[in-house]
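Q: sequence and predicted structure below; questions after.
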Protein chains: 2
Amino acid sequence: MRAEIVTIGTELLLGEIVDTNAAFIAGRLADLGVDLFYKTTVGDNELRITQELKRAWKRSDVIITTGGLGPTQDDLTREAIAGLLGEELVLHRESEAGMRAFFARLQREMTENNLRQAMFPRSAEPLKNPEGTAPGLMVRKDGRLLFALPGVPIEMERMFLHEVTPILRSAAGLKPLFSRNLRMVGIGESMMAQTVADLIDNGRSPTVAPYAKRGETRLRLTVRAADQAEANSLMEGTESEIRRRLGRYIFGTDAETLEGVAGHLLKQRGLTLATAESSTGGLIGHRLTGVPGSSDYYLGGIIAYDNRVKRDQLGVSDVTLRTCGAVSEETAREMAGGVRLKLGADLGLATTGIAGPGGGSADKPVGLIYLALASGAGITVKRQIYAWDRSGNKEMSAQAGLALLWEWLRDERAQGS
Amino acid sequence: MRAEIVTIGTELLLGEIVDTNAAFIAGRLADLGVDLFYKTTVGDNELRITQELKRAWKRSDVIITTGGLGPTQDDLTREAIAGLLGEELVLHRESEAGMRAFFARLQREMTENNLRQAMFPRSAEPLKNPEGTAPGLMVRKDGRLLFALPGVPIEMERMFLHEVTPILRSAAGLKPLFSRNLRMVGIGESMMAQTVADLIDNGRSPTVAPYAKRGETRLRLTVRAADQAEANSLMEGTESEIRRRLGRYIFGTDAETLEGVAGHLLKQRGLTLATAESSTGGLIGHRLTGVPGSSDYYLGGIIAYDNRVKRDQLGVSDVTLRTCGAVSEETAREMAGGVRLKLGADLGLATTGIAGPGGGSADKPVGLIYLALASGAGITVKRQIYAWDRSGNKEMSAQAGLALLWEWLRDERAQGS
């Protein structure tokens, strides 16, 4: 089965956005075992879109388009597909009703041009869009499959995973690829890769590949199997061997996040958490509350950006702020201890640092950050220096704060206390 | 002059990397005023690369390829171009010498397959690569220009800027494109597009195009001009007309963010801000502190996730929590007023809502959010319902909170107070 992607949008040809949609679809097609031979981008021009679709229709079995399904005059994908098929656009009653219900639920007015989104070529079927108003569409004709997906990444991704994948899987009839990511903190990519060098690129299945992203390292295991159970048993031996060597650093697999795993451990052990954030400005709270059910263990926190807030709300002493400074081990320590007491939590997690671009000195450079975790048993402090921009330094600091929390929970569990 | 990009590499079709090269080149072509009509990606397969190049050669004046110039057997761009031109590959003596000098300087051994990189079709000229070993190549034939650039982004970018740009600039003799984005909150995409329907796609310059992303809508004006000053004067009339109709909703242009613009207004007027976040969990604080210099006006906040924190730290009354509930207009009001007093700020911004997926009821559905802004003059409350997932609901809520802040600053300014 030969697939082809056509991404549609003048903004892609103006270089205003990077085509992450094409990369997402390409990756999922590879997982499904569907060969992708071409990826084309064309602007919001009906004639050129139709031409590209005709060419794709000739040489490929599966065509996936993204973009051009919105409500405006610029959105021409439906018209171009009608042109490809030599069909008219007709109003799809069910989609219209769904759209009206969506607007009613949100108590918003629906304008007439929204109805454009319910117009389909006669032989097309709509694809559900749980994330927005524009349905996608599918055409099955002459042994070809064409899927038109929205351009908004979250809508496209959901529709691809829930609507397109099952259809492609049954059409392809191939054993699909299964992957498992072992996610780590506290170890760098090269050290991790060295520790399992004999398992990487050794020509055997499962394949093992190292990855790194900001503040996290991963090993990805991949096998071809009939189903998840077979995949599990094929991966078992290699995964055990990796865990034997690197298990200490592995906080979770696949979609498990550091905040999710730490949250689960907190809940399991009936512990509550409070945060005191200076340089991370609320990002740790945001990540913790991204986990459904986090209200079971996360009480809340103080964003102590101004020094008066550190003093008045967290009880950091004037002497500490004056002699050690706001970015210091001592301040981090008092912030963590302070928020723990103030909010009556079992654990207090604090950050203070210099995100940049300004505010650094020879002594305390931009990127310097202190992290502290306070428990009934004492306070642990960690010092790091990052060399990213403001946003990267904040991200890395939040990640390091959550890693400190997870490592504390891991080690406490190991001691059986 | 019609341009076309062909990016070459199987890794792009496997979705392992995102094609940032194509976006970079597209952006620079737009700046140069060269129209880009197509972007195609093809794998490391000589036949398919040659086919795509032949098609591009037919329909475009300028063809730019990236990738496939390395030393391995997978690198087939030189062969494909030779196939396109019907020429043989010959060793380019000067490039060979340059390559030998490069390796000597780094005191590394040069392997024989590196010499492949000095093989060019007879009518091609090499393009210098100051960042690596692989020279690019240029072909000028039959009124066409073809540039083959390396796939490594830093090498490609340098070569594009230093070697390709001057050639294109003189060949195009065209004025470059200039764009301006007018960024709005408080109005939906369809309503915005309808309000200026006569300016969109009317065949006149500047062109006007609508865009939407979560919680924001945009109009983009584009003109061809000799320089920024000429572009400004060509856009002036249309921009004024848009501002006359939609000015109330426009918070900024281009790279200006809602938190940046609101922060600037706060600073300008010597006002300080504190936040009290429940359902957004720190995301508003995170966005506010993403702006360099935000410590001038943002004091900090309370993440009041647990009801006890709402009561003990923000002074929300037990009666309110019991009778109206944590997600209610009254609680939002008391949170905003409470944090303003507690942190001694001029303004208090609060959020409380149900991010989901659990916690909803018929009365108070998932996605319901209350936003409140407290000032010395009183408290404004806004109610919204969103239908995204947890993360989308949090994002939209934070955006709505910042919009409420900006709208207050806008309206207060309008009153001249």
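A: Received the coordinates, thanks. Numbering: from 1, shown residues only, chains lettered A, B, ... in the order given.
Q: ok, which residues in the stretch 301-417 of chain A are in contact with chain B?
A: Proximity of the stretch 301-417 of chain A to chain B, by CB under 8 Å from any CB of the partner chain, involves residues A:301-306, A:308-309, A:313, A:342-344, A:355-358, A:390-391, A:394. Heads up, the C-betas are built off the backbone N, CA and C, glycines and all.
Q: do that again at 6 Å, thanks
A: With the criterion set to CB under 6 Å from any CB of the partner chain, the stretch 301-417 of chain A comes near chain B through A:301, A:302, A:303, A:304, A:305, A:306, A:309, A:357.
Q: the residue most central in space within chain A in helix, strand or coil?
A: In chain A, the residue lying closest to the centroid (CA atoms, centre = their mean) is residue A:255, at 8.7 Å. Put simply, residue A:255 is coil when judged by DSSP: H, G, I helix; E, B strand; the rest coil.
Q: and it, its phi and psi?
A: With angles defined as degrees, to the nearest 10, residue A:255 sits at phi -80, psi 0.
Q: could you do residue A:159 as well?
A: According to degrees, to the nearest 10, residue A:159 has phi -70, psi -40.
Q: give me the helices and strands touching the lowest-mean-pLDDT helix or strand in chain A, please.
A: Least confident helix or strand, chain A: strand A:207-213 with a mean of 84, by mean pLDDT, DSSP states H and E. If you count contacts as 3 or more CB pairs under 6 Å, 6 or more residues apart in numbering or on different chains; DSSP states H and E, strand A:207-213 packs onto helix A:189-195, strand A:216-224.
Q: try it again at 10 Å.
A: When contacts are defined as 3 or more CB pairs under 10 Å, 6 or more residues apart in numbering or on different chains; DSSP states H and E, strand A:207-213 packs onto strand A:177-184, helix A:189-195, strand A:216-224, helix A:228-246.
Q: just the CA atoms of that strand, as CSV, please.
A: Output of strand A:207-213 as CSV, limited to C-alpha atoms (Å, rounded to 0.1, in the frame of the first residue of the first chain):
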residue,chain,number,x,y,z
THR,A,207,15.3,-2.6,17.9
VAL,A,208,16.5,-0.3,20.6
ALA,A,209,17.0,3.4,19.9
PRO,A,210,18.1,6.3,22.2
TYR,A,211,16.4,9.7,22.3
ALA,A,212,16.9,12.8,24.3
LYS,A,213,14.7,15.8,24.9
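Q: buried ones in that strand?
A: Across strand A:207-213, burial judged by 16 or more other CB atoms under 10 Å in any protein chain shown covers A:207, A:208, A:209, A:210.
Q: in chain A, what residue sits furthest out from the centroid?
A: residue A:319 (42.3 Å).
Q: what comes into contact with the one helix or strand that one maps to?
A: Here residue A:319 is covered by helix A:318-323, with elements defined by DSSP states H and E. With CB atoms under 10 Å, 6 or more residues apart in numbering or on different chains as the test, helix A:318-323 has contacts from A:307-308, A:310-311, A:317, A:326, A:328-331, A:333-335.
Q: repeat for stretch A:228-247
A: A:175-180, A:182, A:184, A:187, A:191-192, A:195-196, A:198-199, A:204-208, A:217, A:219, A:221-225, A:250, A:253.
Q: write a ChimeraX command that selects only the buried members of those.
A: Typed into ChimeraX, the line below selects the buried ones among the contacts of stretch A:228-247, using 16+ other CB under 10 Å:
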select /A:176,178,180,182,184,192,196,199,206,207,208,217,219,221,222,223,225,250
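Q: top helix in chain A by residue count?
A: Counting residues, the longest helix found in chain A (DSSP state H) is helix A:390-414.
Q: average pLDDT for that one?
A: For helix A:390-414, mean pLDDT rounds to 93.
Q: what angle separates that helix from strand A:177-184?
A: Interaxial angle, helix A:390-414 versus strand A:177-184 (axes from the mean of the first three to the mean of the last three CA atoms, to 10 degrees): 80 degrees.
Q: residues near residue A:382, how many?
A: 16 (other CB atoms under 10 Å in any protein chain shown).
Q: which helices and strands does the one helix or strand it maps to pack with?
A: Using DSSP H and E, the element containing residue A:382 is strand A:378-385. If you count contacts as 3+ CB pairs under 10 Å, 6+ apart, strand A:378-385 packs onto helix A:329-343, strand A:347-353, strand A:368-375, helix A:390-414.
Q: pull out the buried positions in that strand.
A: Applying 16+ other CB under 10 Å to strand A:378-385 flags A:379, A:380, A:381, A:382, A:384 as buried.
Q: pull the most distant pair out of these.
A: A:379 and A:384 (16.7 Å; CB to CB).
Q: okay, now the domains of chain A?
A: Annotated domains of chain A cover A:2-172, A:177-253, A:258-414 [automatic domain parsing].
Q: quick one: terminal-to-terminal distance for the second one?
A: From the first residue to the last, domain A:177-253 extends over 17 Å; the measure is CA to CA, to the nearest Å.
Q: the closest residue to residue A:289 other than its chain neighbours - how many residues pack around it?
A: Leaving aside its sequence neighbours, residue A:289 sits nearest to residue B:281 (CB to CB, 6 or more residues apart in numbering or on different chains; 2.8 Å). Neighbour count of residue B:281, defined by other CB under 10 Å: 33.
Q: cool, residue A:10 as well?
A: 21.
Q: could you find the closest non-adjacent residue to residue A:139?
A: residue A:146 (4.3 Å).
Q: isn't the one you found up against residue A:78?
A: No: if you go by CB atoms under 10 Å, residue A:146 and residue A:78 don't touch, sitting 11.9 Å apart.
Q: which residues do the two both contact?
A: A:121, A:124, A:137.
Q: so what strands line up beside the least confident helix or strand of chain A?
A: Paired with strand A:207-213 in the same sheet, following DSSP bridges, are strand A:216-224 (antiparallel).
Q: just to revisit the earlier point, just the buried ones from the residues of the stretch 301-417 of chain A next to chain B?
A: Among those, the ones that count as buried by 16+ other CB under 10 Å are A:301, A:302, A:303, A:304, A:305, A:306, A:309.
Q: give me phi/psi at the fourth one?
A: Spelled out, that is residue A:304. Here residue A:304 shows phi and psi, under degrees, to the nearest 10, equal to phi -110, psi 80.
Q: show me what contacts it?
A: A:275-278, A:281, A:310-314, A:316, A:326, A:331, A:335, A:338-339, A:350-352, B:299-302, B:343.
Q: isn't residue A:20 up against residue B:19?
A: Yes: with contact defined as CB under 10 Å, residue A:20 reaches residue B:19; the gap is 9.2 Å.
Q: these two: which has the busier surroundings?
A: residue B:19 (27 against 16).
Q: before we move on, back to that, mean neighbour count and distance to residue B:237 for the helices and strands packed on strand A:378-385 - can I get that in JSON lines?
A: Shown next, in JSON lines, are these (neighbours: other CB atoms under 10 Å in any protein chain shown; distance: least, CB to CB, whole Å):
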{"stretch": "helix A:329-343", "mean neighbour count": "24", "distance to residue B:237": "54"}
{"stretch": "strand A:347-353", "mean neighbour count": "28", "distance to residue B:237": "48"}
{"stretch": "strand A:368-375", "mean neighbour count": "25", "distance to residue B:237": "50"}
{"stretch": "helix A:390-414", "mean neighbour count": "21", "distance to residue B:237": "37"}
